[in-house]
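Chemist: sharing a model that was predicted from the sequence below.
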There are 2 protein chains.
Amino acid sequence: LTSTLQYGRISVVLVNTRNPLNIGAAARGMSNFGFSDLRLVNPYEPSFREARSAVGAAEVLKSARVYTSVAEAVADCVFVVGTTSGARRDLQQPLELLETGAKSIRKRVRTGKVAILFGSEKRGLSNDDLSHCHLLLRIPTREEHGSMNLGQAVAVCLYELARDGSRAVSSKAGRTSAKAGDLERITALLADTLSLSGYTDARRNGSAEEKLRRMVRRLQLSAKDAETWLGMLRQIIWKLKKSR
Amino acid sequence: LTSTLQYGRISVVLVNTRNPLNIGAAARGMSNFGFSDLRLVNPYEPSFREARSAVGAAEVLKSARVYTSVAEAVADCVFVVGTTSGARRDLQQPLELLETGAKSIRKRVRTGKVAILFGSEKRGLSNDDLSHCHLLLRIPTREEHGSMNLGQAVAVCLYELARDGSRAVSSKAGRTSAKAGDLERITALLADTLSLSGYTDARRNGSAEEKLRRMVRRLQLSAKDAETWLGMLRQIIWKLKKSR
């Protein structure tokens, strides 16, 4: 990841998490997307560091810090963001959808540390937890089923933060297209094959050949594939002629 | 979600999933983002429907269909997308980052069903699985820790698809793409043709067949052209057999 996002300045804060597997999953998602600062407020299982399913999350779990209150956990942060399914209560803070909220976070992280809070599996963040937040974030889930699995919610939020449209690449860019000469040779060989096999009349038929030519162009062959097709057709023709 | 994305036309295909909890998590993520068509190829635990942690995923799990091969699972799809951490091997298909790939999916889904494949927790998708794919998708994780938890990977992909589904531009009456079932038939007929003509050894050779399958997918055939190719190949085979 070669983005300008300051990953070290963004903390994931898990509040009252019950299932240590979810802590492990959150840590793994953090590691996947390049985040490392994990903070836990009153985890239900103090043995969370041994969460077995947390492939590749060992580093993040090892350095995770434990707090007894949200206030303590976010004390060094300039911007505190709460996540919510948005359905439950009369929310007092500004609420933004994830994509817009991520923009706010990217802006604020230039000035200092940012904390993103995730509540417990059953109840989410309490009103007291939310009162520490400058902004609430909602992942755009369906109204009928808004509540996400904790590890999945963390992964989606961090993906959106790390995502950077300008880096989009396509490996297609590198491939060399077949030259028209090769396409024409393929067209001719295919015409011969079809004629030898009885698919088309042996007499050259102008409109059928045009149709074939257009069809071969639609294949958008690479130079390498064109070579393969030429070889295959030559062999098929040789065989068809040999056995006449 | 008031988007124009055709959620009903996008299938999540889980291949050789070992842990039923991951199937439950995938189903929950699907439900969160409005997707419902779940397909399973050889799940390790046939009892996956009872996955306990799958809050709110009951509907998706109930209607999930089980298949014994990738070919069967994607037979009615016009576009098949494989997910990969991108690190492991010499990939043969075009590879796009999630954001760009999601755009391709939104475009293709106007012409028919689209399948998104996720491999097993340990090994991901095999080369044989990948040979069924038109496009590979990579979530932009860190190079040092690319491999994501299955449920998290599904959630991130579906979030990205749903995220700006609303911004998808109106369809310009696209051409109809060939279904995977037809592409598989073309692959098989082409393999027979090459074998009968002596281009390849008569014995089935796994890696040669994968190569052929990938090559046929690269042609991006329309439904109409696929029909024409099927007819041509059948005739060529008939002739090669007749004159033996």
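Modeler: Arrived safely.
Chemist: which parts of chain A are helices?
Modeler: A:20-33, A:58-62, A:70-73, A:98-108, A:127-130, A:150-162, A:180-196, A:206-218, A:223-242 (DSSP state H).
Chemist: got CSV for the ones you listed, with mean pLDDT too?
Modeler: CSV is the format used below for the helices of chain A (pLDDT from 0 to 100):
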stretch, mean pLDDT
helix A:20-33, 94
helix A:58-62, 91
helix A:70-73, 92
helix A:98-108, 91
helix A:127-130, 88
helix A:150-162, 96
helix A:180-196, 90
helix A:206-218, 81
helix A:223-242, 93
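Chemist: so who does the most centrally placed residue in chain A touch?
Modeler: Among the residues of chain A, the one closest to the centroid is residue A:159, at 6.6 Å (CA atoms, centre = their mean). Going by CB atoms under 8 Å, 6 or more residues apart in numbering or on different chains, residue A:159 touches A:33, B:98, B:139-140, B:156, B:159-160. Heads up, the C-betas are built off the backbone N, CA and C, glycines and all.
Chemist: looking at these, which is nearest residue B:190?
Modeler: Checking these against residue B:190 by CB to CB gives residue B:98 as the nearest, at 32.0 Å.
Chemist: ok, the closest one to chain A distance?
Modeler: Separation of residue B:98 from chain A (CB to the nearest CB, to the nearest Å) stands at 8 Å.
Chemist: what's the burial count for that residue?
Modeler: 23 (other CB atoms under 10 Å in any protein chain shown).
Chemist: and what of the one 4 residues further on?
Modeler: If you count neighbours by other CB under 10 Å, residue B:102 ends up with 25.
Chemist: ok, it touching residue B:162?
Modeler: No - look at residue B:102 against residue B:162 with CB atoms under 8 Å: they stay out of range, at 9.3 Å.
Chemist: re the thing from before, in CSV: the helices of chain A, plus distance to residue B:208.
Modeler: Shown next, in CSV, are the helices of chain A (distance: least, CB to CB, whole Å):
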stretch, distance to residue B:208
helix A:20-33, 36
helix A:58-62, 42
helix A:70-73, 58
helix A:98-108, 45
helix A:127-130, 59
helix A:150-162, 38
helix A:180-196, 20
helix A:206-218, 23
helix A:223-242, 11
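Chemist: quick one, which of these is nearest to residue B:7?
Modeler: The nearest among these, by CB to CB, is helix A:150-162 at 17.1 Å.
Chemist: okay, the angle between that closest one and helix B:150-163?
Modeler: Orientation check (axes from the mean of the first three to the mean of the last three CA atoms, to 10 degrees): helix A:150-162 against helix B:150-163 gives 50 degrees.
Chemist: now helix A:150-162, how far from the chain's geometric center?
Modeler: Distance of helix A:150-162 from the chain centroid (CA atoms, centre = their mean, to the nearest Å) equals 10 Å.
Chemist: ok, residue A:49 - contacts?
Modeler: Counting by CB under 8 Å, 6+ apart, the residues that residue A:49 touches are A:61-62, A:64.
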